[in-house]
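Chemist: fold the following, please.
(2 chains)
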Amino acid sequence: MNGLIRAELLKARASRTTWILAALAPPLCVAWAGLMVFLMGMDSGGVPPDARIENVYSMAQQAYVVTLLLGVLGMAGENRHQTITWQFLVTPRRSRVVTAKLAAYGIVGLLIATVSALVTLVAGLITLGLAGYPAWSPGVPAVLLGSALGVALYGLLGVGLGALIRNQVAAVAVALLWFMYADYLLVSFLPELGRWLPTGAARALSGMPLRTGELLPAWAGGMLFAGYVAVIVLAARALTLRRDIT
Amino acid sequence: MSAISVTRLGKSFGGVRAVDDLSFTVERETLTAFVGPNGAGKTTTLRMILGLVTPTEGSATIGGEHYRDLERPACAVGAVLESSAFHPALSARTHLEALRLAAGLEPGRVEQVLEQVGLIASADRRVRGFSLGMRQRLALASALLGDPEILVLDEPANGLDPAGMRWLRDFLRAYAQRGRTVLVSTHVLAEIRQIADHVIIVRAGRLAWQGPLSPETDLEELYMEVTS
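Modeler: Alright, predicted model coming up:
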């Protein structure tokens, strides 16, 4: 299993896509954090001051788009380029290939998440300070940690989606349309349902408050999100992983 | 124990019967040609042997074991499949190194197989720029990584120029002479006739003929007779 994970990390490192997408993550978080600081000048909508400060730092979670995409491309790309054939020839127990991908993209995701969280921290401290707000609240470390974990978990979700949906274009479309927009809109408009959806769970983990309603506690959000990943991976094992490679 | 045993193998894709009640064996230390018209089920059969396609009926085994149960498949069987694909952005060396890591093989193997197939000079180029012949060599290098006892090749001559064809022929002959087993599907009868000592002919998913090739056998005549 060790060798399989190292093989996946080697391929991820050798691919330019990985570096380009990874390089986009920190500036994306910084842009969102800056926007949140700017919006603090507007009506607070009844959100307490500490939560508004934490909201700025929770933008570290915006790197999720990058890890989600990398996970999808890493797994579904094997089908697109038909390199899955080599994978299954060397490792005929196919679920081990997926497990190695999960481990590798978990590691890649954690690295991207850590850098993004640190950059967001610095950006938050500077922009909040410059704008004349208090730059710190006791909840900030937990928010950064939760955001980073969430970003890494989205990488695993991507691998699961890439395994379940073998067509890369379809997998990317589902990942972006469902997990970026549809799920987010449901969470915003139907908070009662939304807190149980992946986006609601991930926002709970990262401490990103919801204007429209209560989210689960952070730990429960994290567990729920991990549960979604597990269900998708199990569905892939049951439905698509055993299919013929022709 | 035969190197490869195919027993009453059958495969349907939807309503299409690709392989039907097919049985044959490939004995150790033979170079066996696997021939038949287009659509006779050669590729499907090879993919079932390699665990990539699940048979509808019957079984295919390598030294008595299903491919999926092999402890170290890369060391047992090397496979070159038709139009082998590679990630275009990876270099030949990275592709091989990733496979080597996944298979748990010695670090020196990558360099050795690159040398075996004559790809050292292009090893660090992206596969995107490779010609069809170079891709076939890289596919062969991938198959050789585990120094396998058995080589399975599906139309390896596709896209090779005359020099490449000759190189492949010499390579396979030398491989078989070292006591290894080779099963190769092909349409180029005149080419395979020079090196094969056994032949399996399939037609419409069924076995049409199987046996050793003696120096007197006219393979083309035999092929026409049993497939028409």
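
Chemist: what residues does chain B have near chain A?
Modeler: Proximity of chain B to chain A, by C-beta under 8 Å from any C-beta of the partner chain, involves residues B:43-44, B:47, B:50-54, B:67-70, B:73-74, B:79, B:81, B:84-91, B:94, B:97-104, B:142. Placement of C-beta: from N, CA and C, glycine included.

Chemist: are any of those residues buried, and which?
Modeler: B:43-44, B:47, B:50-53, B:67, B:70, B:73-74, B:79, B:81, B:84-87, B:89-91, B:94, B:97-104, B:142 (16 or more other C-beta atoms under 10 Å in any protein chain shown).

Chemist: out of those residues, which are inside strands?
Modeler: residue B:79 (DSSP state E).

Chemist: so what sits opposite the most centrally placed residue in chain B in the bridge?
Modeler: Nearest to the geometric centre of chain B sits residue B:153, at 1.5 Å (C-alpha atoms, centre = their mean). In this structure, residue B:153 bridges to residue B:80, residue B:184 when assessed by DSSP bridges.

Chemist: for chain A, give me the ranges with low pLDDT.
Modeler: A:43-46, A:209-213 (pLDDT under 70).

Chemist: ok, longest helix in it?
Modeler: Using DSSP state H to define each element, chain A has its longest helix at helix A:94-130.

Chemist: buried residues, it. List them.
Modeler: Buried residues in helix A:94-130 (16+ other C-beta under 10 Å): A:94, A:97-110, A:112-117, A:119-121, A:123-124, A:127-128.

Chemist: near chain B, from the residues you listed?
Modeler: Near chain B, judged by C-beta under 8 Å from any C-beta, the entries from those are residue A:100.

Chemist: tell me what the longest helix of chain A is packed against?
Modeler: Applying 3 or more C-beta pairs under 8 Å, 6 or more residues apart in numbering or on different chains; DSSP states H and E, one finds that helix A:94-130 makes contact with helix A:2-14, helix A:16-39, helix A:49-57, helix A:64-80, helix A:84-90, helix A:140-164, helix A:218-239.

Chemist: neighbours of residue B:48, just the number please.
Modeler: Residue B:48 is flanked by 26 other residues according to other C-beta atoms under 10 Å in any protein chain shown.

Chemist: now residue A:203
Modeler: Neighbours around residue A:203, by other C-beta under 10 Å: 27.

Chemist: where does the prediction get shaky in chain B?
Modeler: For chain B (pLDDT under 70), the answer is B:83.

Chemist: mind checking the longest helix of it?
Modeler: Assignment by DSSP H gives helix B:162-177 as the longest helix of chain B.

Chemist: output the contacting helices and strands for it.
Modeler: On a contact count with 3+ C-beta pairs under 8 Å, 6+ apart, helix B:162-177 meets strand B:31-35, helix B:132-144, strand B:150-154, strand B:181-185.

Chemist: how about the first one as CSV, C-alpha atoms only?
Modeler: Same thing as strand B:31-35. This file holds the C-alpha atoms of strand B:31-35, laid out as CSV (Å, rounded to 0.1, in the frame of the first residue of the first chain):
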residue,chain,number,x,y,z
LEU,B,31,5.7,-18.7,-28.2
THR,B,32,2.1,-18.9,-29.1
ALA,B,33,0.4,-16.9,-31.8
PHE,B,34,-3.2,-16.0,-31.2
VAL,B,35,-4.9,-15.2,-34.5
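
Chemist: pull the contacting residues for residue A:121.
Modeler: Each residue near residue A:121 by C-beta atoms under 8 Å, 6 or more residues apart in numbering or on different chains is listed here: A:57, A:60, A:140, A:144.

Chemist: if you could redo that for residue B:22, that was the one I meant.
Modeler: Applying C-beta under 8 Å, 6+ apart to residue B:22 gives the contacts B:6, B:8, B:9, B:10, B:41, B:45, B:58, B:202, B:205, B:206, B:207.

Chemist: centre of the chain to stretch B:218-228, how far?
Modeler: 22 Å (C-alpha atoms, centre = their mean, to the nearest Å).

Chemist: which residues are contacting that stretch?
Modeler: The contact list for stretch B:218-228 (C-beta under 8 Å, 6+ apart) reads B:33, B:35-37, B:40, B:189-190, B:192-193, B:199, B:201, B:203, B:208-209, B:213.
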